[in-house]
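K.L.:
Quick one: sequence plus predicted model below, questions after.
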Amino acid sequence: MSNITDTLKENVAKAVKSLYGADFEAKKVNISPTRKEIEGDYTILVFPFAKIARKRPEAIGEEIGQYLVENMDAVAKFNIIKGFLNLSVSDNLWASMLNNMLGQADFGTHPKNGEKVMVEYSSPNTNKPLHLGHVRNILLGWSCAKILDAAGYDVTRVQIINDRGVHICKSMLTWELYGNGETPESSGMKGDHMIGKYYVLFDKKFQEEYKVWQKSKAALARYKTWINSEAGQKAVKEQGTNELEAHFYKSVYKNKYFNDESEIGQKVNEMLIKWENNDPEIRALWQKMNGWVYAGFNETYKNLGVSFDDIYYESNTYLLGKDTIEAGLEKGLFFKKEDNSVWIDLTDAKLDEKLVLRSNGTSVYMTQDMGTAQQRYKDHGVSKMIYVVGNEQEYHFKVLFEILKRLEEPYAAGLHHLSYGMVELPDGKMKSREGKVVDADDLMVEVQAAVKAVSEESGGLVGLPEETITDIHRQIGLGALKFFILKINPRRGMIFNPAESVEIQGQTGPFIQYATMRTKAVERKAKDIDLSFSDNYTDVQDIEQELLLMLQKFPKIIAKAANTYSPAEVANYSYEVAKIFNRFYNLCPILKADNPLEVKAFRLKLCQLTGKVLVKGLDLLGMESPDYM
RNA sequence: GGUCUCAUAGCUCAGCUGGAUAGAGCAUCUCACUUCUAAUGAGACGGUCUCAGGUUCGAAUCCUGAUGAGAUCACCA
């Protein structure tokens, strides 16, 4: 039996054909659950047929309703209010609907479609421990991968690690200068946090040096040269001389100072050159320190419950893409300027002229990304690539995708940037320089502690082994955090309120986990109930019908979430299911002693199905379902 | 300035292939645990869907414009 709504749509289309002799696409029939206060289970909108039938909506409803009752066993009766045709489903249909859904081993998931898709997420920089922004990224990526898998795709999860460049050398240098051989073991710090410390230290040391220099005669000379230059005069015009010197040091000259004059800056640049020339000592240091960082990252990933199938490193990919430049030049897609730099003109796509190769022949980010995409296609043969990256890179990806499209890459049509908004704190943006960041590791510890406090108060876990209790606290804490982040449409920027993220009441992860736990608890208690009696149950309550109709949507929700790359779709659906189930749980006793057998059997089955859907829904969000709470 | 997002209840968010009286949660105020675990349920309160036009039988939803917020427009990554 296919889905009842689909069957209804097909029959409505048939009705239109037979009554009015016109073709109407079954898919376009507008059908929705009937509003609670009106009699009926499904409502069909008849306005769209008005033009075809050339009759009043009420008359059309009457005719179609009549047709459906006569031609479908499932439709018992109907009524019409304005242009709305409300159908009531036959009583015996509910049990068969339930059996049908419960009979599917993996209800909700779609058969494999043979398509391969890659999801890239996390993509950290080895200098900074993962923070709240990464957490949103990682959870989105992980959940999307799960959803795509459930929707029938063959998914490869990857991350690209930014492990090269000037910034990496900064932490290496300060560790060499001031580290005294410190290791994660010797300091007891997580590797990524330890490296992060040296990265911050570099900035501090540089600022100190820069500040001293600003008082020198040389500094004053640089400032005077600038102020008399064209750019300097322009600045004077725009903002006056007030604070101009500070502005000069802060914004105008800083990079130049770093590259040309700074002692510590020189050392970093020397180190980078050595790294690029494969200096064995530098490379060994680099590998050692990266190893510490990766160990730290892996711990965080493990705690978050996520993993990857393949990892790309920029140190391997940064030279890729140059052959593509050649190919593009031959095709006439790219062009060279006099200084030998290579460009592409995308002004006709409302994008600008874009540099793809520097005048000195070295790559830019775009070059590298072009090459990496091709490499991934070679490695994994994927037809779709999903990049989970913040919305600040929207422009970059638009350009990248446009270039790959014009290069006629076979996967070009399947490229998607899953762009998500910035995570802000209630008092504004996170700023790493001011230490105003929410660290991923700290965050996970905090949510678990908060859950522990509530749990001990409610006392639901008393009597279980200590280890089990701790693990349940972990599951709930992470559940609260993950749901809090994933329920929001990725597109939107979000305000992360730490207090709200550990809420366990209302629209939260633990609310859904609690409902799921209830389904499990009932099942544990239900013994020796002959489930086949459920078919005799015909007095199906409104709330039971509502729950069934909601559960029936599951496969479509997964498909929609996959098509829109939106875990929020699954999150909000799971919440709705949990809410209806809780209402059902309160209204309809399942195992009550004086319930007739068919009532127990039907409700128990409904409970089982709800449990299956909720467990799967939570799993798609990367959340676990505790057995006790 | 160009481009792209976003704007719905005091707060956090759903709803957007146009359809009935715009929905949840939080907060505030009631009520319900001798009951399959109350981390629950029932009820009350709360709205000019930013504004102004347009299309339509019908607009929170589509179009145009305005206002406000964010992002982006490097031979940076």
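P.N.:
Everything's here; your move.

K.L.:
Okay, strands next: where are they in the stretch 101-250 of chain A?
P.N.:
A:116-120, A:154-161 (DSSP state E, counting those that start in this stretch).

K.L.:
hey, which helix or strand in chain A has the poorest pLDDT?
P.N.:
Here the helix or strand of chain A ranked lowest by mean pLDDT, DSSP states H and E is strand A:428-429, holding a mean of 68.

K.L.:
Most tightly packed of the strands of the stretch 101-250 of chain A?
P.N.:
Comparing these on average neighbours per residue, with mean count of other CB atoms under 10 Å, the densest one is strand A:116-120 at a mean of 25. Heads up, the C-betas are built off the backbone N, CA and C, glycines and all.

K.L.:
That strand pairs with which strands, and in what direction?
P.N.:
Sheet pairing of strand A:116-120 (DSSP bridges) gives strand A:154-161 (parallel), strand A:384-390 (parallel).

K.L.:
Can you tell me what sits against that strand?
P.N.:
Strand A:116-120 has contacts (CB atoms under 8 Å, 6 or more residues apart in numbering) with A:141, A:144-145, A:148, A:153-160, A:376, A:380-389, A:414.

K.L.:
Can you flag the buried ones in these?
P.N.:
Among the contacts of strand A:116-120, those buried by neighbour count (16 or more other CB atoms under 10 Å) are A:141, A:144-145, A:148, A:153-160, A:376, A:380, A:382-389, A:414.

K.L.:
where in chain A is pLDDT low?
P.N.:
Of all residues in chain A, those with pLDDT under 70 make up the ranges A:1-2, A:238-240, A:428-429, A:431-436.

K.L.:
OK, now which residue of the stretch 201-350 of chain A is nearest to RNA strand B?
P.N.:
Using CB to the nearest atom of the strand, the closest approach of the stretch 201-350 of chain A to RNA strand B is made by A:Ser341 at 3.8 Å.

K.L.:
pretty sure that residue is touching A:Gly361, no?
P.N.:
No - using CB atoms under 8 Å, A:Ser341 is not in contact with A:Gly361, being 9.0 Å away.

K.L.:
of the two, who's got more company?
P.N.:
A:Ser341 (16 against 11; other CB atoms under 10 Å).

K.L.:
now that one: how far from A:Ser359?
P.N.:
According to CB to CB, to the nearest Å, A:Ser341 and A:Ser359 sit 4 Å apart.

K.L.:
for A:Pro555, same thing?
P.N.:
Per CB to CB, A:Pro555 is found 55 Å from A:Ser359.

K.L.:
So for the two, which residue has more residues nearby?
P.N.:
Set A:Pro555 next to A:Ser359 and count neighbours by other CB under 10 Å: A:Pro555 wins out with 18 against 13.

K.L.:
got the domain boundaries for chain A?
P.N.:
A:4-89, A:116-165+A:299-424, A:166-277, A:447-620 (automatic domain parsing).

K.L.:
Using JSON lines, lay out these together with distance to A:Asn100.
P.N.:
As requested, the domains of chain A are exported to JSON lines (distance: least, CB to CB, whole Å):
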{"stretch": "domain A:4-89", "distance to A:Asn100": "9"}
{"stretch": "domain A:116-165+A:299-424", "distance to A:Asn100": "19"}
{"stretch": "domain A:166-277", "distance to A:Asn100": "49"}
{"stretch": "domain A:447-620", "distance to A:Asn100": "9"}
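
K.L.:
Contact residues of the stretch 401-550 of chain A facing RNA strand B?
P.N.:
The stretch 401-550 of chain A comes close to RNA strand B at residues A:421-422, A:451, A:454-455, A:458, A:460-461, A:472, A:476, A:487-489, A:491-495, A:497, A:500, A:503-508, A:510-511, A:514, A:517-518, A:521-522, A:525, as judged by CB under 7 Å from any atom of the strand.

K.L.:
are any of these buried, and which?
P.N.:
Buried by 16+ other CB under 10 Å: A:421, A:451, A:454-455, A:460-461, A:472, A:476, A:487-489, A:494, A:503-504, A:507-508, A:510-511, A:514, A:517-518, A:522, out of these.

K.L.:
Tell me how far stretch A:265-273 lies from the chain's centre.
P.N.:
38 Å (CA atoms, centre = their mean, to the nearest Å).

K.L.:
Is any residue of that stretch near RNA strand B?
P.N.:
No - counting by CB under 7 Å from any atom of the strand, no contacts exist between stretch A:265-273 and RNA strand B, the nearest distance being 10.6 Å.

K.L.:
What are the contacting residues of that stretch?
P.N.:
For stretch A:265-273, the surrounding residues in contact (CB under 8 Å, 6+ apart) are A:165-166, A:169-170, A:172-173, A:202, A:206, A:257-259, A:282.

K.L.:
run the last query once more with 7 Å
P.N.:
A:166, A:169-170, A:172-173, A:206, A:258-259, A:282 (CB atoms under 7 Å, 6 or more residues apart in numbering).

K.L.:
Serialize those to JSON lines and add fields for distance to A:Lys560.
P.N.:
Below are the contacts of stretch A:265-273 laid out as JSON lines (distance: CB to CB, whole Å):
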{"residue": "A:Val166", "distance to A:Lys560": "44"}
{"residue": "A:Cys169", "distance to A:Lys560": "46"}
{"residue": "A:Lys170", "distance to A:Lys560": "45"}
{"residue": "A:Met172", "distance to A:Lys560": "47"}
{"residue": "A:Leu173", "distance to A:Lys560": "50"}
{"residue": "A:Phe206", "distance to A:Lys560": "50"}
{"residue": "A:Phe258", "distance to A:Lys560": "49"}
{"residue": "A:Asn259", "distance to A:Lys560": "51"}
{"residue": "A:Ile282", "distance to A:Lys560": "50"}
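
K.L.:
can I get these in CSV with neighbour count and distance to RNA strand B?
P.N.:
Shown next, in CSV, are these (neighbours: other CB atoms under 10 Å; distance: CB to the nearest atom of the strand, whole Å):
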residue, neighbour count, distance to RNA strand B
A:Val166, 14, 7
A:Cys169, 23, 12
A:Lys170, 25, 13
A:Met172, 26, 16
A:Leu173, 23, 17
A:Phe206, 20, 16
A:Phe258, 18, 12
A:Asn259, 13, 10
A:Ile282, 20, 18
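
K.L.:
A:Asn290: which of these is nearest?
P.N.:
A:Met172 (9.6 Å; CB to CB).

K.L.:
Surely that closest one and A:Asn290 touch.
P.N.:
No - between A:Met172 and A:Asn290 there is no contact under CB atoms under 7 Å: 9.6 Å.

K.L.:
circling back: list just the one of the strands paired with strand A:116-120 that sits closest to A:Thr317.
P.N.:
A:Thr317 lies closest to strand A:154-161 among the strands paired with strand A:116-120, at 7.1 Å (CB to CB).

K.L.:
Enumerate the residues of the stretch 51-200 of chain A near RNA strand B.
P.N.:
Close to RNA strand B, as judged by CB under 7 Å from any atom of the strand, the stretch 51-200 of chain A has residues A:81-84, A:86, A:125, A:162, A:165.

K.L.:
For chain A, list the residue farthest from the centre, please.
P.N.:
Distance to the chain centre peaks in chain A at A:Lys217, reaching 53.0 Å (criterion: CA atoms, centre = their mean).

K.L.:
quick one: that residue and A:Glu424, what's the gap?
P.N.:
A:Lys217 is 44 Å from A:Glu424, where distance means CB to CB.

K.L.:
Could you do A:Val454 as well?
P.N.:
26 Å.

K.L.:
And A:Thr538, by the same measure?
P.N.:
54 Å.

K.L.:
More neighbours: which of those two?
P.N.:
Regarding A:Thr538 and A:Glu424, a neighbour count based on other CB under 10 Å identifies A:Glu424 as having more, with 16 against 13.

K.L.:
I figured that one was touching A:Gly493, is that so?
P.N.:
Yes - between A:Glu424 and A:Gly493 there is a contact at 6.5 Å, judged by CB under 7 Å.

K.L.:
Not counting sequence-adjacent ones, nearest residue to A:Gly328?
P.N.:
Spatial nearest neighbour of A:Gly328, chain neighbours left out: A:Phe334 (4.0 Å); criterion: CB to CB, 6 or more residues apart in numbering.
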